[in-house]
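# Sharing a model that was predicted from the sequence below.
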Amino acid sequence: MDQSVATKEFPGGVGVLPLDQVARMSGLDFLTGIVSGSLPAPPIARTLGFTLSEVAPGRAVFTGQPDFAHYNPIGTVHGGWTATLLDSCMACAIQTTLEAGEIYTTVEIKVNYVRAVTDKLGPLRAIGELIHRGGRVATSHGRLVDASGKLYAHGSTTCMVMKP
């Protein structure tokens, strides 16, 4: 799908492709299409203010800007925002290893919060890297860092890999 079609079908470049279209691409090709803008970004990216900014085999990086709209009642960014960025980068690191026709789902996610996140930090990067890819189970880990590399949270995930 070329960018003009994606923009026309999905206003703002945001949308969800039918699973049969996604299943015809490798995971890396699909995610590369999102990074390049030739495929739509998922709606959650707009809602929470993050983008898929980099992919390579076994690696996915999301960039997110914490916003006051993400605050919890005690005056910091809600942990769910952090967990979503980590879940996204870790799962997509696994997705880069999928062959056409394979799908996956998260089985477990673990997040460790190291420092408070606020809207004063500037953009943060969630960096996911593959640990293990088996026939049915894959694991990865992720780190949420600022521009200087300071760690704010880290986590791990386990995903099940399947053929539909």
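Perfect, I can see it now. Being a predicted model, the structure only gives us computed values, none of them experimental.
# only C-alpha atoms for contact and neighbour calcs from this point on.
Fine.
# For Pro73, grab the count of nearby residues.
7 (other CA atoms under 10 Å).
# Can you report phi and psi for it?
Pro73 adopts backbone torsions of phi -70, psi -20, taken as degrees, to the nearest 10.
# Use 39 as the first number for this chain going forward.
Yep, numbering from 39; the last one is Pro111 now.
# how much space between it and Met198?
Between Pro111 and Met198 the computed distance is 35 Å (CA to CA, to the nearest Å).
# isn't Val145 right next to Cys197, touching?
Yes - contact criterion CA atoms under 8 Å: Val145 and Cys197 qualify, at 5.1 Å.
# of these two, who's got more company?
Shown here are Val145 and Cys197; by other CA under 10 Å, Cys197 has more neighbours (21 against 12).
# State the three-state secondary structure for that one.
The three-state assignment at Cys197 reads strand, by DSSP: H, G, I helix; E, B strand; the rest coil.
# list the contacts for Phe106?
With contact taken as CA atoms under 8 Å, 6 or more residues apart in numbering, Phe106 is in contact with Val115, Thr156, Asp157.
# Now restrict those residues to buried residues only.
By neighbour count, with 16 or more other CA atoms under 10 Å, the contacts of Phe106 hold Val115, Thr156 as buried.
# Let me know the closest of the contacts of Phe106 to Thr101.
Asp157 (13.8 Å; CA to CA).
# okay but the closest one is in contact with Ala107, surely?
No - using CA under 8 Å, Asp157 makes no contact with Ala107, being 9.1 Å away.
# picking that back up, kindly reformat the contacts of Phe106 as TSV containing secondary structure.
Shown next, in TSV, are these (three-state DSSP):
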residue	secondary structure
Val115	strand
Thr156	coil
Asp157	coil
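# any chance of the contacts of Phe106 in a markdown table, with pLDDT and distance to Val52 too?
Supplementary listing: the contacts of Phe106 in a markdown table, determined by pLDDT from 0 to 100; distance: CA to CA, whole Å:
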| residue | pLDDT | distance to Val52 |
| --- | --- | --- |
| Val115 | 97 | 24 |
| Thr156 | 96 | 26 |
| Asp157 | 96 | 24 |
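# and Ser194, how many neighbours does it have?
22.
# Now it: closest residue in space, sequence neighbours ignored.
In this structure, Ser194 finds its nearest non-sequential neighbour in His179, 4.1 Å apart by CA to CA, 6 or more residues apart in numbering.
# can you tell me which residues contact that neighbour?
Neighbours of His179 in contact, by CA under 8 Å, 6+ apart: Met128, Gly166, Glu167, Leu168, Ile169, His192, Gly193, Ser194, Thr195.
# Fine, thanks again, bye for now.
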